[in-house]
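Chemist: sharing a model prediction with you, sequence too.
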Amino acid sequence: MKGDRRCLKLFLALLILFLQNVQGGEVGHSHGHNLRDAKVTVRCIERERQALIAVKRGLVDEFNHSSSWGSEAQKKDCCRWEGVYCSNQTGHVIQLDLSPFSTGKMISPKLIELQHLQYLDLTLIDFNGIKIPDFIGSLTNLRYLSLYSCNLVGQIPSSFGNLTQLQHLDLYGNQIQAQNLNWLPALSSLTYLDLSRANLSTVFDWPEAVLNKLPKLIELRLDNCSLPPPPPPILSTTLYKTNSSTSLAYVDLYDNHLTSSMFLLLSNYSTSLASLDLSYNKLTGIIPDFIGNMSSLEVLNLYDNKIEGANPNSFARLCNLQTLCLQTNHMSGQLSKFVQLLPRCAQNALEYLELSENVLAGSLNNLTSFSSLKILYLNANQLSGKIPESIGQMSQLEDIDFSINSLEGVVSETHFSKLSN
């Protein structure tokens, strides 16, 4: 996961650099990156150099990442410092990546001297329980802000509403909270939002602020936020009819207090969603038909709820589905009937099927149609009969678990005849 985030950060940094070049503002980079034109001689602005030194004083450089920083003659050009990126057109610092630092004592208020800053990354710096400074909201040119897992506490500053050009906001893994999200709709350019582990338990209108006021949002992560359920449709007809985002593709609402009304709310995004995680919530009843209209869906995680089953159309158009996780629900009936609910195209595409810890009965027959399946978990159900030798024909399988059932018979070499993975 950490590696994925590093790759994403690098991609976004390169994207910002590209856009800067397109607008005629070439960028100078620190010597640790192979992107700087050696012929370009840009020197940083002295006021900003002093601000950077002040910012560094608030950090602990345990692994000497700032060896290129200093006051010596050969180190005076801060545009050559590790993690610092300047505009070759103006000399202003426009990007600052301090994520290699492991610990911080403070976030220096001198940071506001970097008024042209577009990219600020403080990922994984342990600030030991300080509050998010209000002055970050004064960096109004920011496009990218990551305070990922920085051990920050307190309220999310309402001054974040001033960051109207922000496209990426990551506050994951801090001990922060918000009484409201009134500042959020001002960030109408957001494509990525992660407030995971922030306490949003009293923000009852969160769907309005997050889903209906951010038209460019692509990825939403609000796991473990104590989110209250959205109001029922009869109390908020506009909420369920509005769809301001046609781009929303990844939704992670894992481990909250959401009810099945969330299904209806997300039905507005049936054409764009690629990944939906509503695990560890309070979903009940049957998976509704409109889930089956989410034709772009590749990942559906609904484990640890109280879902009882599915309708004939619950998966009707999910031809791109690769992961289906329904572990620890109240799924009952025959396994074979559940399998028949998945269209042939989904059976061909599915790679991960997790149905463990339900009350599914019947035999293990009719599973060979899952030609791409790599992971199959059916443990802790009420399955019976013999393990069919046809399992050995599912050549892509890497991991299977049929334990804690009432299966019988002998497992022979034939069961593993083509299971080379």
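Modeler: Nice, I can see it. Numbering: from 1, shown residues only.
Chemist: contacting residues for the closest residue to T191 other than its chain neighbours?
Modeler: Leaving aside its sequence neighbours, T191 sits nearest to I218 (CB to CB, 6 or more residues apart in numbering; 4.7 Å). For the C-beta atoms, the positions are set from N, CA and C on the backbone; glycine is no exception. Residues in contact with I218 (CB atoms under 8 Å, 6 or more residues apart in numbering) are 191-192, 247-250.
Chemist: dump these into a markdown table; add pLDDT and neighbour count as well.
Modeler: Formatted as a markdown table, the contacts of I218 follow (pLDDT from 0 to 100; neighbours: other CB atoms under 10 Å):
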| residue | pLDDT | neighbour count |
| --- | --- | --- |
| T191 | 97 | 19 |
| Y192 | 99 | 20 |
| S247 | 89 | 13 |
| L248 | 93 | 25 |
| A249 | 95 | 19 |
| Y250 | 96 | 18 |
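Chemist: so what would you say the end-to-end distance of stretch 319-327 is?
Modeler: 21 Å (CA to CA, to the nearest Å).
Chemist: er, stretch 91-101 actually
Modeler: By CA to CA, the extent of stretch 91-101 from end to end equals 24 Å.
Chemist: from L139, how far off is the nearest residue to I45 once chain neighbours are set aside?
Modeler: Once flanking residues are discounted, I45 sits nearest to G91: 5.3 Å by CB to CB, 6+ apart. Note on G91: its distance to L139, by CB to CB, to the nearest Å, is 18 Å.
Chemist: kindly report the same for S279.
Modeler: According to CB to CB, S279 stands 35 Å off from L139.
Chemist: cool, and L302?
Modeler: In terms of CB to CB, L302 sits 39 Å off from L139.
Chemist: follow-up on the earlier one: which one of the contacts of I218 is nearest to D289?
Modeler: Closest approach to D289 among these (CB to CB): L248, at 20.2 Å.
Chemist: pLDDT weak spots in the stretch 201-350 of the chain?
Modeler: Filtered on pLDDT under 70, the stretch 201-350 of the chain yields the residue ranges 233-245.
Chemist: please enumerate the helices of the chain.
Modeler: Using DSSP state H, the helices found in the chain span residues 2-22, 46-57, 206-211, 237-241, 261-266, 335-341, 344-349.
Chemist: what sits up against the third one?
Modeler: This points to helix 206-211. Contact with helix 206-211 is made by 181-182, 184-185, 193, 200, 203, 217, 220, 222, 227-228, 230, 239, 244-245, 248, 265, 268, as judged by CB under 8 Å, 6+ apart.
Chemist: thinking again about what came up before, I'd say the residue nearest to I45 and V84 touch.
Modeler: No - in this structure, G91 is not within contact of V84 by CB atoms under 8 Å, at 11.6 Å.
Chemist: which of the two has more neighbours?
Modeler: The residue with more neighbours, out of G91 and V84, is V84; 27 against 18, by other CB atoms under 10 Å.
Chemist: residues contacting the more buried one?
Modeler: Contacts for V84 (CB under 8 Å, 6+ apart) come out as 30, 44, 52, 78, 93, 95-96.
Chemist: quick one: average confidence on stretch 176-189?
Modeler: For stretch 176-189, the mean per-residue pLDDT is 97.
Chemist: distance check, the residue nearest to P288 when sequence neighbours are not counted against N281.
Modeler: The shortest distance from P288 to any non-neighbouring residue, by CB to CB, 6+ apart, is to F263 (5.1 Å). The gap separating F263 from N281 is 11 Å, by CB to CB.
Chemist: could you do L227 as well?
Modeler: Per CB to CB, L227 is found 9 Å from N281.
Chemist: shared neighbours, the two?
Modeler: Going by CB under 8 Å, 6+ apart, residues that sit against L227 and also against N281 are 253, 256-258.
Chemist: any chance you could map the strands in the stretch 301-421 of the chain?
Modeler: Counting by DSSP state E, counting those that start in this stretch, the stretch 301-421 of the chain has strands at residues 306-310, 323-325, 332-334, 352-354, 359-362, 375-377, 382-386, 399-401, 406-408.
Chemist: reformat those as JSON lines; add mean neighbour count and distance to I130.
Modeler: Listed next are the strands of the stretch 301-421 of the chain as JSON lines, based on neighbours: other CB atoms under 10 Å; distance: least, CB to CB, whole Å:
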{"stretch": "strand 306-310", "mean neighbour count": "18", "distance to I130": "40"}
{"stretch": "strand 323-325", "mean neighbour count": "20", "distance to I130": "38"}
{"stretch": "strand 332-334", "mean neighbour count": "14", "distance to I130": "51"}
{"stretch": "strand 352-354", "mean neighbour count": "21", "distance to I130": "40"}
{"stretch": "strand 359-362", "mean neighbour count": "18", "distance to I130": "49"}
{"stretch": "strand 375-377", "mean neighbour count": "20", "distance to I130": "42"}
{"stretch": "strand 382-386", "mean neighbour count": "15", "distance to I130": "53"}
{"stretch": "strand 399-401", "mean neighbour count": "14", "distance to I130": "43"}
{"stretch": "strand 406-408", "mean neighbour count": "12", "distance to I130": "56"}
